[in-house]
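Enquirer: Predicted coordinates and the sequence they were generated for:
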Amino acid sequence: MRVIEEECMSVNSSDEKKITVRDFRQKKEKGEPIAMLTAYDYPVARALDRAGIDAILVGDSLAMVALGYENTLPVTMDEMIHHCKAVARGAARALLIGDMPFLSYQTSPVDAVRNAGRFLQEGGMEAVKLEGGREMLPAIQAVLNAGIPVLGHLGLTPQSIHKFGGMRPQARSAEAARRLLEDALLLEQAGAFAIVLESIPARLAALVTKRLSIPTIGIGAGSGCNGQVLVTNDMLGLYDRFTPRFVKRYANLLEEMDRAFQGFRADVQARAFPAREHETDMPDEEWQKLQMLLEKSK
């Protein structure tokens with residue numbers, strides 16, 4: 001029996017091995033897919049860690065799915081750091097990546113380094129994600145020079161939503177596809193440890209993946225990438241404003257929540273909750289003492 005317990009402990013110990021940016025490259029070399037999801041709070045981070053998710057992205061999607069903004073642009077550094085702290089307290093195994101919000105790195109390389117540093121120093125993250133290609137290289141290079149790992153992001157970059165005229169697939173023309181491939185190679189050359197490819201043609205994503213030595217993480221970019229990422233609230237059915245075409249819904253928790261909340265309301269109205277098993281009582285003798293004390297105080 002003890003041997004079995006020791007074997008189980010050994011398995012659990014190996015399962016708890018901390019994922020680092022080095023593991024990303026090794027996974028690509030071994031052909032092992034990378035699983036990444038978003039989290040914005042402690043309980044979800046814990047659940048993702050228990051499930052063996054390789055990386056947790058505290059995405060600026062927080063703005064829409066958790067804070068109720070219309071797009072990702074309004075979320076601030078302070079809001080991102082607040083949620084990063086909660087996620088860092090919940091996850092011990094997964095690689096933790098903070099998503100740098102709009103205007104936290106576009107303004108200057110100095111701002112990029114300062115804000116990226118906050119994600120590690122205050123937020124407990126281990127890497128940051130920045131959107132953009134060649135135009136963002138000075139900021140990306142400065143962050144990397146400061147010793148902070150960078151996850152790139154090409155294709156549909158939500159912080160450029162107004163430039164694109166909406167959340168539209170990108171790189172569908174030959175020239176745009178060539179430029180994206182060049183940007184990916186530039187990010188790799190700069191030192192990014194991986195690149196998110198969002199809403200681009202699947203055959204282009206597969207080509208970029210083949211040309212790079214660093215991993216690609218797809219979201220709406222087909223199965224040819226080295227890994228996949230989704231917004232957790234989308235795949236759980238917790239965000240009902242819209243669902244991107246590329247999302248596979250693994251649950252519909254919003255419906256479950258509706259049923260639970262309506263059940264609670266009905267039980268309260270019918271005085272079915274709380275029931276006896278939900279109550280706390282006191283010993284009869286103490287109750288009697290209370291009655292005597294109240295009588296004396298009249």
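Expert: Arrived safely. As the structure is a computational prediction, the values presented were derived from the model and not from experiment. Numbering: from 1, shown residues only.
Enquirer: Distance from stretch 252-268 to the middle of the chain?
Expert: Computed by Cα atoms, centre = their mean, to the nearest Å, the chain-centroid distance of stretch 252-268 equals 26 Å.
Enquirer: swap in stretch 19-28?
Expert: 18 Å.
Enquirer: Over to stretch 56-70?
Expert: For stretch 56-70, the distance to the chain centre is 9 Å (Cα atoms, centre = their mean).
Enquirer: same check, this time on stretch 165-182
Expert: So, by Cα atoms, centre = their mean, the centroid of stretch 165-182 is 25 Å from its chain's centroid.
Enquirer: For it, buried residues please.
Expert: 169-171, 177, 180-181 (16 or more other Cβ atoms under 10 Å). Heads up, the C-betas are built off the backbone N, CA and C, glycines and all.
Enquirer: ok, now stretch 139-147?
Expert: Buried-residue list, stretch 139-147, by 16+ other Cβ under 10 Å: 139-144.
Enquirer: Mind checking which of the buried residues of stretch 165-182 land in helices?
Expert: Using DSSP state H to define helices, the subset of the buried residues of stretch 165-182 located there is 177, 180-181.
Enquirer: Out of these, flag the one nearest to Arg25.
Expert: Of all these, Arg25 sits closest to Leu181, with 19.6 Å by Cβ to Cβ.
Enquirer: hang on, isn't the closest one packed against Arg211?
Expert: Yes - when contacts are counted by Cβ atoms under 8 Å, Leu181 is listed as touching Arg211 (6.6 Å).
Enquirer: for the helix or strand harbouring Glu286, the distance to its chain's centre please.
Expert: Element membership for Glu286 (DSSP states H and E) is helix 284-296. Distance, stretch centre to chain centre, for helix 284-296: 55 Å (Cα atoms, centre = their mean).
Enquirer: now the residue nearest the centre of the chain: how far from Tyr69?
Expert: Central residue of the chain (Cα atoms, centre = their mean): Thr38, 1.8 Å from the mean position. Thr38 sits at a distance of 15 Å from Tyr69 (criterion: Cβ to Cβ, to the nearest Å).
Enquirer: what does Lys248 give?
Expert: The separation that Lys248 has from Tyr69, given Cβ to Cβ, amounts to 25 Å.
Enquirer: which one of these two has more residues nearby?
Expert: Tyr69 (15 against 9; other Cβ atoms under 10 Å).
Enquirer: just checking, that one touches Val75?
Expert: Yes - applying Cβ under 8 Å, one finds Tyr69 in contact with Val75, separated by 6.6 Å.
Enquirer: Can you pull the residues that touch both of those two?
Expert: Listed contacts common to Tyr69 and Val75 are Ala63; contacts here mean Cβ atoms under 8 Å, 6 or more residues apart in numbering.
Enquirer: Give me the helices and strands touching the helix holding Glu286, please.
Expert: Contacting helix 284-296 under the criterion 3 or more Cβ pairs under 8 Å, 6 or more residues apart in numbering; DSSP states H and E is no other helix or strand.
Enquirer: This completes my enquiry, with thanks.
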